[in-house]
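A.B. asks: Coordinates only, no sequence provided:
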């Protein structure tokens, strides 16, 4: 052990020396031109072939994907008619409504009923209050557009995920093929596959829906595999002994038994779909995401905040309802009587829908919340930022300059001055030490891919920006997690803040951040830290909370003070969980890359974004794959470290 | 924007049909929407006019440059604003395929140039002449760029040759690229609130020159030779020793538009609007907070004679 | 005991886990424990040959990890054995097609599980009716049949409850009812009472014997509890490391353990619980007898009567008197002096 400690210290010294004193020959600093392989051109050509000439029998691939798009569009149109458009006569501006969409009262009552059904009247009231908030703050129409796309994306994502999950559970080779694909789907920035989606599925809401589904589906696949594996083997044996065919076994035994676990996946799909709202609106999803973007383009900060909070409100409603439903699944009580007795809530909702639909003609307020009654906080937010800007800019500027000069610039210089063969060798060595030859080979291959893609410089800027942000997120997040775990009130407040941060689109705070800190790496770092903070806090708190009570009691019996218990018992036990949190923090930081490109960084995110703007399929995918490569290297190295830490704890 | 539901429309076609003039095809004509207000207004006006003529119109959100892929295949039909300054190359590449045709100018002229707020004139009296820029470089400097001045350029994707311009004209400035125009104007807003120095890329028609008082820097005027011939301009050794090009904003369409909807193609070609009218409408939306629909309705009512001439 | 036809027989059944299990058995080889271990394999079931007679309660007893659960899963072919044959009414199950196997399981096998394996989303009635639903029986018929078996296990009135609303003992009654719904000939019980509290376990054992007296199934019963084994079994197979150590009646096991391993189990067993009168009977009849008792009766059941009587009892088997038994002989068993 000591030998290796010495070796690592030596490597660190060499790195410092190399970056400060040595002048490295050009080909050693960044991979030489001769090494670059034209991945982008290959991918572009492949994509062109796929869209122009690839065919399965007489049907072209593009024809197939277009047909698929039409298939999805139909239910989407129906939901949109229900929630947004109603049935209209005429087209476009001349359209007059014949049958209005569901009124805000009806949808709100439905939310209350669903909350009551899923758990309690309190949950119902919370859901209802948040829906009413959408109406009162004038976000209703956009929120319903967003809800309509969620209502299509989530079931499709869930069904697709479950089907793939079943296949992966059933056949090992499917799992072996799917795992790396899922890794890529989750780590390649969404922007990178927007252009191929546009080409294959056409422009418009369907493409946005598909992008959302692709982004939100992977966790469902994984959850399905885990959930099916978690079905007790006795129950599988029973199904076989009862003489089930494989199909009966899956439909009547496995899936129903796994349902509570599967609902966790459904919840994830919902939350990820909401994360995609903004990006989806860039390719035509409309709704709240488009409102956020549009407000910010006009520097209407208040408007952006309100639309952003509306997304958060929608997220809270859907999150709480789906969580309650997953707990509810396990305790259904049969009811007796005729239909409306057995379904009292459905009856009420239907009655309210019809009543408000009809009365809406007489009392429009029942159909649409009147504009005159809308409340807005928009000026408050804009004035707040203006106030800070005018009065505290100099102090903020001093903070920014301090961070830039003492932290960001030196680290950036360090990473840009590291010779690439050296860094690659160190990473490979780390992979070998932690996970053996296979991991070393994987790390080396991914590193060489980045080197050969010609994006080494951008990759280094990415590593520097994400690395620093992750360190800061951990420095801020771990203590917050400790605080949340040791004090209930603090825990609740921190929990709320963290949940809001997770669902509030980062675009909302990006523009105020730029106003206060200018464009550049510092603003980007703030945005990344705010977003990536969430898992650092959550996993730390969870790790500390789940330390067995016996161990803490043992510490108390030994006469430990509270501080000693935290330092000597709880924190060491929570290390594997905190490492998992670190892993998630890194992945989230990388996923924020493209967003940071919007405030002028020059990293891989910018490359992806630039490719999107020029519809360059290959360039975007290569940059996306480079991001994925960095993510996978970090994920595997830390994953192995975490499981080693766990094994060590288990051994003692 | 409420879109008719096709099935409902089919069911009600008998009663509704009478309201429309005869058109060549009731298939929807797809117009692209981008992410700046002026373009939303232009496109919505065009859509409203086509609807008045009885066409079925669909508005599709599409990226400014990514849309050409759709225009070439006929997924999309009309793009109302292709700027000479930013879209010329993509437009030329698309027309070269033969599937996209230029539908003439919109009547608006695109202007893009270095810009500063009016209050900077006190601190730098030589402006707007570009030669005064070097005297005021320290005024425009920030801690990271000092002693050089800081010029906030557009997103990298916009191109614009600002690095080349700085080098060719010997300007003591560093070009910092904003990631998006939202970020760029956020900095302008911030600086303007504090009356702080700022020098950045502004374009028109846009709400910023309407909202903030300021001026364009006057560089040697652009000529195509300036970008290709080093001998041209004040620096005989370098290209790009001049201002940014300016020029018309074009309309383009899928070639199938004129075949399937000849009347609509004529209307698109006839569309004309000028910078001032557009600037006024952009200000109404972006600064006064009116909705695009309302502003377009207002224009439609006030200019009925004009647009009816486009669809006759 | 009269010879009854063999219901289930297994011959030289093996289950070896590892990279190439079939190679170890190639050409009818019989690998030793050592050979298996050295080639990085694990022998979960080794060369097991058993015969279970119709109507018999056959207990497979072994400690945890002995391979008894694997063995019973090989017998029902939930686990594919590496080698051997399993004959059910003369048909080799290992040669049955998947469709044939489904058919056999649907109609002729039932199984009860240690942790009940009830479906949490179904009511008691639906759980019991589930195997019938799988067969495609219509709702009315399967629910009628389910009500019958629910009644058999004494759960009437709880049909509408969900498993989580029942106690452990009640849940296992549901498990038993469910396994009996299809009226199987062959009934597997995999440690059915191990997860229950001792008092409930006792009660369930009584219940099980009651049901068996009524239905007379052929039963393969797995347990790690030797007391349970001797209480319930007609015959017991003791297995260790995947192989059968001894197969015998409880009485023979106790009186003549095959080796020290078996003896260690039987050492603490109260003899009176296993020894039958037939074993104690002395040939010939005294002048006066207090009565006649069956030779199959265990001492424990009849000790009270014999000891409190003032004369010996005659012992009969199959209607024939085979001898007599004295109170002194019974007392010596009761106090553990001899057998």
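C.D. replies: Here it is on my side, so go on. All of these numbers come straight from a predicted model, not from anything done at the bench. Residues are numbered from 1 along each chain as shown, chains lettered A, B, ... in the order given.
A.B. asks: Low-confidence ranges, the chain, go.
C.D. replies: This is for chain A. For chain A, the stretches flagged by pLDDT under 70 are A:1, A:21-28, A:89-95, A:328-337, A:339, A:613-615, A:650-652.
A.B. asks: if you could check chain C rather than the one you did, that'd help
C.D. replies: Applying pLDDT under 70 to chain C flags the ranges C:1-3, C:337-339.
A.B. asks: ranges for the helices of it?
C.D. replies: Ranges of helices in chain C, per DSSP state H, are C:21-24, C:33-38, C:68-75, C:98-108, C:124-135, C:139-152, C:168-180, C:198-215, C:226-232, C:250-255, C:260-266, C:277-280, C:299-308, C:327-334.
A.B. asks: Identify whichever of the ones you listed lies nearest to chain A.
C.D. replies: Shortest distance between chain A and the helices of chain C, using CB to the nearest CB, is found for helix C:98-108: 3.2 Å. Every residue, glycine included, has its C-beta placed from N, CA and C.
A.B. asks: Off-centre distance for that closest one?
C.D. replies: Mean C-alpha position of helix C:98-108 versus that of the full chain (CA atoms, centre = their mean, to the nearest Å) differs by 22 Å.
A.B. asks: Identify the residue spatially nearest to residue A:452, adjacent ones excluded.
C.D. replies: The spatial neighbour of residue A:452 that comes closest, neighbours along the chain excluded (CB to CB, 6 or more residues apart in numbering or on different chains), is residue A:37 at 4.6 Å.
A.B. asks: these two touch, right, that neighbour and residue A:453?
C.D. replies: Yes - the pair formed by residue A:37 and residue A:453 meets the contact definition of CB atoms under 8 Å, at 7.4 Å.
A.B. asks: So between these two, which is more surrounded?
C.D. replies: Higher neighbour count among residue A:37 and residue A:453: residue A:453, with 25 against 14, using other CB atoms under 10 Å in any protein chain shown.
A.B. asks: ok so, going back, please convert the helices of chain C to a markdown table, extending it with mean neighbour count and distance to chain A.
C.D. replies: As requested, the helices of chain C are exported to a markdown table (neighbours: other CB atoms under 10 Å in any protein chain shown; distance: least, CB to the nearest CB, whole Å):
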| stretch | mean neighbour count | distance to chain A |
| --- | --- | --- |
| helix C:21-24 | 16 | 18 |
| helix C:33-38 | 13 | 24 |
| helix C:68-75 | 24 | 7 |
| helix C:98-108 | 16 | 3 |
| helix C:124-135 | 23 | 4 |
| helix C:139-152 | 17 | 12 |
| helix C:168-180 | 24 | 8 |
| helix C:198-215 | 15 | 18 |
| helix C:226-232 | 21 | 19 |
| helix C:250-255 | 21 | 28 |
| helix C:260-266 | 15 | 26 |
| helix C:277-280 | 21 | 38 |
| helix C:299-308 | 16 | 35 |
| helix C:327-334 | 18 | 41 |
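A.B. asks: which residue ranges form the strands in chain B?
C.D. replies: With DSSP state E as the definition, chain B shows strands at residue ranges B:29-33, B:57-61, B:78-83, B:100-117, B:149-153, B:173-177, B:200-204, B:214-216, B:247-254.
A.B. asks: any bit of the last one sitting next to chain A?
C.D. replies: No - looking at strand B:247-254 against chain A by CB under 8 Å from any CB of the partner chain, there are no contacts, and the closest approach is 12.2 Å.
A.B. asks: Okay, angle between the helix or strand hosting residue A:215 and strand B:57-61 too, please.
C.D. replies: For residue A:215, the host element (DSSP states H and E) is helix A:205-216. Note on geometry: by axes from the mean of the first three to the mean of the last three CA atoms, to 10 degrees, helix A:205-216 and strand B:57-61 are set 30 degrees apart in direction.
A.B. asks: how many other residues sit next to residue 81?
C.D. replies: Picked chain A for this. A count of nearby residues for residue A:81, using other CB under 10 Å, gives 20.
A.B. asks: Oops, wrong one, chain B.
C.D. replies: Going by other CB under 10 Å, the residues that sit close to residue B:81 add up to 25.
A.B. asks: The one 4 residues further on now?
C.D. replies: Using other CB under 10 Å, residue B:85 has 21 other residues around it.
A.B. asks: Same check on residue C:270?
C.D. replies: 15.
A.B. asks: so what's it up against?
C.D. replies: Contacts for residue C:270 were tallied using CB atoms under 8 Å, 6 or more residues apart in numbering or on different chains; they are C:300, C:336.
A.B. asks: and it, backbone torsions?
C.D. replies: phi -70, psi 120 (degrees, to the nearest 10).
A.B. asks: Please apply the same query to residue C:66.
C.D. replies: phi -80, psi -10.
A.B. asks: just the one 10 residues further on next, same as before
C.D. replies: Summarising the backbone geometry of residue C:76 under the convention degrees, to the nearest 10, its torsions are phi -90, psi 0.
A.B. asks: and it, how far is that from residue A:242?
C.D. replies: 12 Å (CB to CB, to the nearest Å).
A.B. asks: Give me the common contacts of those two.
C.D. replies: Contacts common to residue C:76 and residue A:242, judged by CB under 8 Å, 6+ apart, are residue C:105.
A.B. asks: follow-up on the earlier one: any chance of the strands of chain B in a markdown table, with mean pLDDT too?
C.D. replies: A markdown table is the format used below for those (pLDDT from 0 to 100):
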| stretch | mean pLDDT |
| --- | --- |
| strand B:29-33 | 90 |
| strand B:57-61 | 85 |
| strand B:78-83 | 92 |
| strand B:100-117 | 91 |
| strand B:149-153 | 90 |
| strand B:173-177 | 88 |
| strand B:200-204 | 89 |
| strand B:214-216 | 91 |
| strand B:247-254 | 92 |
